[in-house]
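Enquirer: what's the 3D shape of this:
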Amino acid sequence: FRRVLFRSFECFDFNSFEQLCINYTNEKLQQFFLQQVFKAEEEIHRREGVHWRPIEFQDNQGCIDLIEKNPHGILRILDTQCKMPGGSDATFCEAVNSAHKASDFTTSVQRAKRRTDEAFVVNHFAGKVCYDRKQGSWLEKNNDFLPGALAIQLEASSLVLVRSIFGVNEGASVVGGVTDTRAKRSATFNSIGRRFMGDMSTLLVELSAASSHFVRCIKPNASLSPAAFEPRMVLEQLRCGGVFDAVEVIQSSYSTRIPYEAVFSRYAALLP
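Expert: Numbers count the residues shown, from 1 in each chain. Here you go, the predicted structure:
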């Protein structure tokens, strides 16, 4: 069932919350590439009246929605399970499998020889990844939680910097040796997944405001040997990364665009 994944995708024997975040990042960056190279290109052709033959490409927006969309995205379900009384890694996996059993971007977990309460499988654009609960609790990893006992020790630190970060505000009431503000903070659920999605949105806004250039890094072989190329391995990376489709887009119309001012300033003096 395992497959080699490319472009910084991670797929190990056991994949947990960290691998999902990394692979979600790559899905978002791939979508940005598709927006810049295919969707924006198609819009330019139509706006300029250039003959355009629509080119089919592997759009991964459905996989992104599977992970992030409210209310049934995987990370949204994880947040719900973190806040739900009796929520556990088992109920989280079952909820994901139940909500997305008909999705084109998931595969039956039985094919990975797992139970529905043990794991779930996501069909990423670079391949299938089985995420399970054998590498630590998903709920604990998603909760940016500072235990009350630890907070008290940090407040009493001999280091001024630590006390200033975790110190008690003047006037805060103390109940049973713990400040009410500290007790409230330690009891509040803070989602790592939700913060991660927000950071990704901020990054993509910044990337969209810049002039983007893409460099495709190809892994030439599985043995990490120099000057050795495995054709099937290289070909699969080019296909799943959309490189062939990008070349077809360029071939279908004007491969180079030079601003009018640059052409005029260079050649105007040579014309009659």
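
Enquirer: Give me the secondary structure label for Val50.
Expert: coil (DSSP: H, G, I helix; E, B strand; the rest coil).

Enquirer: Same question for Val129.
Expert: Of the three states, Val129 takes strand according to three-state DSSP.

Enquirer: Quick check: the gap between the residue nearest to it when sequence neighbours are not counted and Pro147.
Expert: Using CB to CB, 6 or more residues apart in numbering and skipping the chain neighbours, the partner closest in space to Val129 is Cys11 (5.0 Å). C-beta: built from backbone N, CA, C; applies to glycine. For Cys11, the distance to Pro147 equals 33 Å [CB to CB, to the nearest Å].

Enquirer: quick one, which of the two is more surrounded?
Expert: Cys11 (19 against 9; other CB atoms under 10 Å).

Enquirer: how near is the more buried one to Val122?
Expert: The value you get for Cys11 to Val122, if CB to CB is used, is 10 Å.

Enquirer: Quick check: neighbours shared by the two?
Expert: Val129 (CB atoms under 8 Å, 6 or more residues apart in numbering).

Enquirer: Show the pLDDT at the residue nearest to Val129.
Expert: Note for Cys11: predicted pLDDT of 85.

Enquirer: which SS state does it fall under?
Expert: coil.

Enquirer: what sits up against stretch 11-18?
Expert: Contacts for stretch 11-18 (CB under 8 Å, 6+ apart): 2-5, 10, 19, 78, 127, 129-136, 138, 141-142, 192-193.

Enquirer: In ChimeraX, how would I select the buried members of the residues you listed?
Expert: Those of the contacts of stretch 11-18 that count as buried under 16 or more other CB atoms under 10 Å are selected in ChimeraX with:
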select :5,19,78,127,129,130,131,132,133,135,138,141,142,192,193
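
Enquirer: any idea how far the residue nearest to Val129 lies from Gln19?
Expert: For Cys11 relative to Gln19 (CB to CB), the value is 7 Å.

Enquirer: list the residues that contact both of those two?
Expert: Counting by CB under 8 Å, 6+ apart, the residues touching both Cys11 and Gln19 are Val129.

Enquirer: Helices of the stretch 101-250 of the chain, residue ranges please.
Expert: In the stretch 101-250 of the chain, the helices defined using DSSP state H, counting those that start in this stretch lie at 138-142, 148-155, 160-166, 180-187, 192-208, 231-240, 243-251.
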